[in-house]
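> quick check, what structure comes out for this input:
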Amino acid sequence: MPQPGLREVEHEITISAPAAAVYRLIAEVTNWPRIFPPTIYVDHTPTGAGEERIRIWATANGEAKNWTSRRTLDPEGLRITFRQEVTAPPIAAMGGTWIIEALGEGGSRVRLLHDYRAVDDDADGLAWIDEAVDRNSRSELAALKTNVERAHAAEDLTFSFEDTVQINGSAKDVYDFVNEADRWEERLPHVAAVRLVEDTPGLQELEMDTRAKDGSLHTTKSYRVTFPHRKIAYKQTTLPALMALHTGYWTFAENDEGVAASSQHTITINAANIAGILGEQATVEDAKEYVRTAVSNNSRATLGHAKAYAENRA
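A predicted model of the protein is given here:
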């Protein structure tokens, strides 16, 4: 019998991919920022056989939240159960189960079950959770379907790369330069304007206007998760036209010569916009090279200015 104040809901979707492949994609949480639109970043710690603890940063109803969950993985039964350990108001308790069922002709059904309560069983809080769970569940399942089916398509639109600069300075100074994005307008020539909000320490909302070589301005919006003084992870939610996805992270690793500062990117090309931007003859590989060059130039410029900043302070 359900507990008073406990809500139980279920969402499902059918996917044209084998059940085992779908299970693996859900089980590998490090890929979630690519797969699920609300997810910004996931930290993952194994705690035993089939058990793990994950910390998730994600948006819900336009607000950035984070929480910690325990998961139990059952690869034989194709089930993953989860329970939030540390919740964010108005959520008092949240848990559920992923169930993947094999269908005929290599397809599968994914069922996503949730059970939850609001703080003090507040009606307004419960309504907020209802809306967030419904919106995020539909978004997650639709994205899961798109990305799993894309993985079985002939052409891969996703690629990753990394730029690294060695700096004769401290990790703290380099981290501070990247973390203080509200000062980028005065510190970085390619940044025309910045709007940075950090209502929750370590969780940033960053909107930025960058200037291209032809003088045009491009607005992007990102959520960033910071780990002083070693890492800043981010996910763009407002993207340039050639991108369907952009996630990444900055890392600051001290070594005998100072610090190795790196900028890593994972990008999915928006194939529908290639012809309109690069011409009818342009290919996916052309788009990848174009985007990689533009993104890498900005990253290396930022790392170069961070290097000068840190080495001057040293």
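> now E257: how far from E51?
Going from E257 to E51 by C-beta to C-beta, to the nearest Å gives 40 Å. From N, CA and C alone the C-beta is placed, and that goes for glycine too.
> let me know the pLDDT of G125.
Model confidence at G125, given as pLDDT, is 94.
> with the one 10 residues further on instead?
We note a pLDDT of 94 for R135 in this prediction.
> got it, and Q84?
Looking at Q84, its pLDDT is 90.
> may I ask which helix or strand encompasses E185?
Per DSSP states H and E, E185 falls inside helix 184-187.
> buried ones in that helix, by neighbour count?
Residues of helix 184-187 classed as buried under the neighbour-count rule (16 or more other C-beta atoms under 10 Å) are W184, R187.
> that one - what's its average pLDDT?
In this model, helix 184-187 carries a mean pLDDT of 95.
> packing partners for the very next helix or strand once past that helix?
Downstream of helix 184-187, the first helix or strand assigned by DSSP H and E is strand 191-200. In terms of contacts (3 or more C-beta pairs under 8 Å, 6 or more residues apart in numbering; DSSP states H and E), strand 191-200 is packed against helix 184-187, strand 203-211.
> and of these, who's closest to A118?
strand 203-211 (22.0 Å; C-beta to C-beta).
> average model confidence for that closest one?
Strand 203-211 comes out at a mean pLDDT of 92.
> what's it packed up against?
So strand 203-211, by 3+ C-beta pairs under 8 Å, 6+ apart, packs with strand 63-74, strand 191-200, strand 217-227.
> which parts of it are buried?
Going by neighbour count (16+ other C-beta under 10 Å), the buried part of strand 203-211 is L203, Q204, E205, L206, E207, M208, T210.
> still on that earlier bit, packing partners of the helix holding E185?
Using 3+ C-beta pairs under 8 Å, 6+ apart: helix 184-187 touches strand 191-200, helix 284-313.
> repeat the analysis, applying 6 Å as the threshold.
Helices and strands touching helix 184-187, by 3 or more C-beta pairs under 6 Å, 6 or more residues apart in numbering; DSSP states H and E, are strand 191-200.
> quick one: buried residues of the strand it packs on?
V191, V194, L196, E198.
> angle of that strand against strand 203-211?
Angle, strand 191-200 to strand 203-211, by axes from the mean of the first three to the mean of the last three C-alpha atoms, to 10 degrees: 170 degrees.
> what lines up beside strand 191-200 in the sheet?
Note on strand 191-200: by DSSP bridges, its sheet partners are strand 203-211 (antiparallel).
> dump the buried residues of strand 203-211 to a markdown table, plus distance to L141.
A markdown table is the format used below for the buried residues of strand 203-211 (distance: C-beta to C-beta, whole Å):
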| residue | distance to L141 |
| --- | --- |
| L203 | 25 |
| Q204 | 28 |
| E205 | 26 |
| L206 | 28 |
| E207 | 28 |
| M208 | 31 |
| T210 | 33 |
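> wait, which of these is closest to R224?
Within the buried residues of strand 203-211, distances to R224 taken as C-beta to C-beta reach their minimum at Q204, with 4.2 Å.
> what is the nearest of the buried residues of strand 191-200 to I91?
Minimum distance to I91 across these is 21.8 Å, recorded for E198 (C-beta to C-beta).
> ok, the closest one - contacts?
Q204 (C-beta atoms under 6 Å, 6 or more residues apart in numbering).
> can you check L206 too?
Counted by C-beta under 6 Å, 6+ apart, L206 has contacts A181, L196, S222, R224.
> include distance to V119 when you put those into JSON lines, please.
Output for the contacts of L206, formatted as JSON lines (distance: C-beta to C-beta, whole Å):
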{"residue": "A181", "distance to V119": "33"}
{"residue": "L196", "distance to V119": "29"}
{"residue": "S222", "distance to V119": "29"}
{"residue": "R224", "distance to V119": "27"}
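> from those residues, which two are the most distant?
L196 and S222 (10.1 Å).
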